[in-house]
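**Q** pasting a predicted model and its sequence here:
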Amino acid sequence: MYRIGIDVGGTNTDAVVMQNEKVLLGVKNPTTEDVMTGVINSLKEVIEKTEISKDEISSVMIGTTHFTNAVVERQRLSQTAAVRLCLPAAQCLPPMVDWPEDIKSSVGGKFWMAKGGNEFDGREISSIDEDELLEIAEAIGRENIESVAICSVFSPVNDEMEKKALSILQTKLPNADFTLSSEIGRLGILERENAAIMNASLRNLGKKTVDAFGQALKTLGVACPYFITQNDGTLMGADFAKSYPVLTFASGPTNSMRGASFLTGEQNAIVVDVGGTSTDVGALIKGFPRPASTSVDVGGVRTNFRMPDVYSIALGGGSIVKKDQSVSVGPKSVGFNIHTDAMIFGGSTITTTDIAVGLGIADIGDAEKARALGNEMLTSTKEKIDMMITDAVERMRVSSESIPVLAVGGGSILIPEKVGDLPVVKPENFAVANAVGAAIGQISGEVDRIFSLADKSRDQVLAEAKDEATQKAISAGAKADTIEILDQEDVPLAYLPGNATRVRLKVVGDLDG
Amino acid sequence: MADDVLKTISISDMENIALGGAFLGTGGGGDPYIGKLMAEEAIQKNGPVTVLNVDDIPDDGLVVPVAMMGAPTVMLEKLPQGNEAISALEALQSYLGKKTDAVFCIEAGGLNSTIPIAVAAQAKLPIVDGDGMGRAFPELQMVSMTMHNIKACPMVMADEKGNSLVLNTVDNLSTEKFARVITVEMGGVGLIALYPMTGAEAKKSILRGSLSLINNIGRIIHSEQKENRNPANFLKDKLKGVVLFEGRVMDVDRRTEGGFAKGSCKILGLEKYSGKEISLEFQNEFLLAKSKDNTPIAMTPDLICLLDLETGQPITTEQIRYGFRVLVFGLSCDPQWRTKHGLELVGPKYFGYDYTYTPIEDLN
């Protein structure tokens, strides 16, 4: 059986065919406005060139930056109502209080606060008031809003209130689409609510896009199930992805790092992904990207998603090289126009690719034109590029251990043989690492909530959390015997007696089938 | 750092104040972000807050610190209703039969460096440029007022549901014990008004200039970040501080004891500290830094701040993770804390560390 991985990026849509641990072929085609045509083109190409039978494709995994781009560009977002269950608490900072004005207006900026919510130990702040919620539903209806985000205080500890509010609101808004914050986020109400509102505003686009993926497969007669990759490199089913498009944020860098790990067999490494305009550097720990420590802004909105810790520099295959007193590289890039603007392709702009060709590191275009830049120019530029990469790698390094640097991405010819004292590994198929990362996605289950240690030991609580996460992973499609803990952390709640502790635990397992 | 005395606080100042507050929080006190948003909302509605020198308060005036008590993590989830602190303050006023002339910050770090600004804006009261700790500490008796025999009581605690309670206890440590239990019943967080004092008492007891200091620290961190420089070097000169160590976090060990997040983290040296290892002990705040052979490098009540090695962004004890690249920054505490009484309240022995206090200047 074969697995197909697809990466729908802003510029290219890549596809790979994998048989067990082997990459049979990887291809690149331009991403299209409608998304679907680009997917069809790449998918068709890999299937035809490898001559595999469509019946032998077991699954298709798709990674996409489409939803992140929608938020960043403030495009294609639906009008959304935010309903917060909190009163009398939490009135002082209403929903979307810290959003930039432009994105707030893109989603309409409408919110309602109602009675409800829980305390940290599960007690009610106040009970739900059905009449109050029915009035809110009518008001939402009058605004013709069909996308609603519900967020209740401490819903990661107890989600009953959000569910109850959903059933009440639904009676008056039968056609509306609801997102519950407890299904997405972690503790920290503003960040979780932000994620829920963004998710609600992306639902429509989520349906359209995921259906387009399905349509692309159908058009080509591929009947297997398909999955979308999440920000942590794990998979979600098509229906789930339609409901939670927000979970795809940052899946791009994650897929490239996981793909690099897979292609080289390295579990602990620094991954350097060189594109046309920029280079992303991340750290792999046990085959997964190291998560960022601080809250991450998506399009100016604060979230607390588990995002990979990525350091980006403006260095790519198309970066423009200038020489005055000293050599400068980037931040401007010729981007897709490299095929016309670079010296080696007959243009008049010096790019980093020209330098690589001039030094004989790469063999594309007219090398004579690159060599004409002169040895001094070529070597001093190369030194500058090496220094930029070394600095970036040093920033992401987590120990003095000699771990390898994995070079991937279309522009990775720029990466030297050694970065500082670290060896560089350039895998085959380095240009389609993203699509490979998608193809090897695993299934996960996560728990993040507060446990009381009053009548249980820490070990009992962790075991309970592990069981809960394992059940979630299995019901999401993981093979039970492959499940292992990916990440575990317990943080005691400070300043309170009663020994409450917040446990975050995530397990992953291979996809069943 | 006498260069900039804060006279008023506008919305545009809050970013710097929150950052400076996180720095002086020495790893504890919670993320000032929520308090910053609250202050921005209140200033938006009511206009900028006037900052007073404590000498501008008449001797018979009434000065009251307001604060949040309990778990900062709870407040990140259960945001305040908005009027809790005002109702605590009003209940205290009616109990005393006197109007407040100014509020101030009980501590100069964490959430409690920003919340009183929101309260001042709402109550249309000035805020005094000073605080009771010069940093953050975990318990309410750990303030300079205690050393000047000023009582925490009468103290009022209020919650979002409208409950407010007046406490009268025999001493400030008892106030802490009773109030801590009440915060739990209030859902983990209470807003408090306490240590009501006269202008004359405030003049002799509070640590002066804290808000200006916080603002200046925040400004330096921001401007150095913009230039892509680590702010530690500039701060070192400005604050007469010392860079204690630079390295990577190699282990974090946490445990809960008596409602406090206790633990330690190991840091392995980088660059000129390469080959060396230190550990930081924390109980909500960082309290002790020592080398591998247990030789102390800095200890409470001196300030131990953990910063991101690249950006200088302060890191709280809840945020530290394996692999972080950090800079450990040390700062002398206010001289009041180095007296016998001061060390009894907040010295290493109070927190259970078997070290005799030695000032940071003598250790480095």
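**A** Done, it's in. Numbers count the residues shown, from 1 in each chain, chains lettered A, B, ... in the order given.
**Q** residues contacting A:G317?
**A** Contacts for A:G317 (Cβ atoms under 8 Å, 6 or more residues apart in numbering or on different chains) come out as A:V274, A:G275, A:G276, A:I338, A:T351, A:T352, A:T353, A:G410, A:G411, A:I413, A:L414. In short, each C-beta sits where N, CA and C put it, glycine included.
**Q** in strands, which of these appear?
**A** In strands, defined here by DSSP state E, the members of those are A:V274.
**Q** just the buried subset of the contacts of A:G317, written out for ChimeraX, thanks.
**A** Selection of buried members from these for ChimeraX, criterion 16 or more other Cβ atoms under 10 Å in any protein chain shown:
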select /A:274,275,276,338,351,352,353,410,411,413,414
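**Q** where does confidence bottom out across the contacts of A:G317?
**A** Within the contacts of A:G317, pLDDT reaches its minimum at A:G276, with 77.
**Q** so how far is B:L244 from the nearest residue to A:S127 once chain neighbours are set aside?
**A** Distances taken as Cβ to Cβ, 6 or more residues apart in numbering or on different chains put A:K115 closest to A:S127, at 6.8 Å, once the chain neighbours are dropped. According to Cβ to Cβ, to the nearest Å, A:K115 stands 50 Å off from B:L244.
**Q** comparing these two, which residue is more hemmed in?
**A** B:L244 (23 against 17; other Cβ atoms under 10 Å in any protein chain shown).
**Q** OK, contacts around B:I360?
**A** By Cβ under 8 Å, 6+ apart, B:I360 lies in contact with B:V242, B:A298, B:M299, B:D302, B:G330, B:L331, B:S332.
**Q** pick out the most distant pair among these.
**A** The span of the contacts of B:I360, defined through Cβ to Cβ, is set by B:V242 and B:M299 at 13.4 Å.
**Q** tell me which of those two has more neighbours.
**A** B:M299 (25 against 19).
**Q** against A:R371, how distant is the more buried one?
**A** Using Cβ to Cβ, B:M299 is found at 63 Å from A:R371.
**Q** for the contacts of B:I360, which one is nearest B:Y350?
**A** When the contacts of B:I360 are compared for distance to B:Y350 (Cβ to Cβ), B:M299 wins out at 11.3 Å.
**Q** quick check: which element contains the residue sitting furthest away from the middle of chain B?
**A** When each C-alpha in chain B is compared with the mean C-alpha position (Cα atoms, centre = their mean), B:G275 comes out farthest, at 33.4 Å. Here B:G275 sits in a region with no helix or strand, counting by DSSP states H and E.
**Q** got a list of what it touches?
**A** B:G269.
**Q** okay, now the unreliable bits of chain B?
**A** B:1-3, B:255-261 (pLDDT under 70).
**Q** need the longest helix for it.
**A** helix B:210-226 (DSSP state H).
**Q** can it be found next to chain A?
**A** No: using Cβ under 8 Å from any Cβ of the partner chain, helix B:210-226 stays clear of chain A, coming no nearer than 13.3 Å.
**Q** what's in contact with whichever helix or strand comes after that helix?
**A** Once the chain leaves helix B:210-226, the next helix or strand it forms, by DSSP H and E, is helix B:232-239. Defining contact as Cβ under 8 Å, 6+ apart, one finds that helix B:232-239 is touched by B:1, B:216-217, B:220-221, B:224, B:241-243, B:307, B:312, B:327, B:329, B:331.
**Q** filter these down to the buried ones.
**A** The neighbour-count test (16+ other Cβ under 10 Å) marks B:216-217, B:220-221, B:224, B:241-243, B:307, B:312, B:327, B:329, B:331 as buried among the contacts of helix B:232-239.
**Q** which of these sits closest to A:S457?
**A** For the buried ones among the contacts of helix B:232-239, the nearest to A:S457 is B:L307 (35.8 Å; Cβ to Cβ).
**Q** surely that closest one and B:I320 touch.
**A** No: contact criterion Cβ atoms under 8 Å: B:L307 and B:I320 do not qualify, at 11.6 Å.
**Q** which residues touch residue 225?
**A** Looking at chain A here, since you left the chain open. A:S59, A:V60, A:G237, A:A238.
**Q** right idea, wrong chain: chain B
**A** B:Q225 touches B:P231, B:T311, B:G312, B:Q313, counting by Cβ under 8 Å, 6+ apart.
**Q** now render the residues you listed as TSV, adding secondary structure and distance to B:K99.
**A** Compiled in TSV, the contacts of B:Q225 are given as follows (DSSP: H, G, I helix; E, B strand; the rest coil; distance: Cβ to Cβ, whole Å):
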residue	secondary structure	distance to B:K99
B:P231	coil	41
B:T311	coil	44
B:G312	coil	42
B:Q313	coil	41
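**Q** keep only the residues you listed that also lie close to chain A.
**A** B:Q313.
**Q** who wins for neighbours among the contacts of B:Q225?
**A** Ranking the contacts of B:Q225 using other Cβ under 10 Å puts B:P231 first, with 28 neighbours.
**Q** mind checking the SS state of residue 78?
**A** As the question left the chain open, I've gone with chain A. coil (DSSP: H, G, I helix; E, B strand; the rest coil).
**Q** from what I can see it touches A:K207, true?
**A** No: using Cβ under 8 Å, A:S78 makes no contact with A:K207, being 10.4 Å away.
**Q** pull the CA atoms of stretch A:106-114 into PDB?
**A** C-alpha atoms of stretch A:106-114 as PDB (Å, rounded to 0.1, in the frame of the first residue of the first chain):
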ATOM      1  CA  SER A 106     -13.200  41.300   9.600                       C
ATOM      2  CA  VAL A 107     -15.000  39.000  12.000                       C
ATOM      3  CA  GLY A 108     -17.600  41.600  13.000                       C
ATOM      4  CA  GLY A 109     -16.400  42.100  16.600                       C
ATOM      5  CA  LYS A 110     -19.800  41.200  18.100                       C
ATOM      6  CA  PHE A 111     -19.900  39.600  21.500                       C
ATOM      7  CA  TRP A 112     -22.300  38.800  24.400                       C
ATOM      8  CA  MET A 113     -21.500  37.900  28.000                       C
ATOM      9  CA  ALA A 114     -23.900  35.800  30.100                       C
END
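**Q** ok now it, how far from the chain's centre?
**A** 26 Å (Cα atoms, centre = their mean, to the nearest Å).
**Q** what comes into contact with that stretch?
**A** With Cβ under 8 Å, 6+ apart as the test, stretch A:106-114 has contacts from A:74, A:77-87, A:90-91, A:94-96, A:99, A:128-129, A:132-133, A:136, A:139-140, A:143, A:145, A:165, A:197-198, A:201.
**Q** in strands only, show me the residues you listed.
**A** The members of the contacts of stretch A:106-114 that map onto strands under DSSP E are A:A81, A:A82, A:V83, A:R84, A:L85, A:C86, A:L87.
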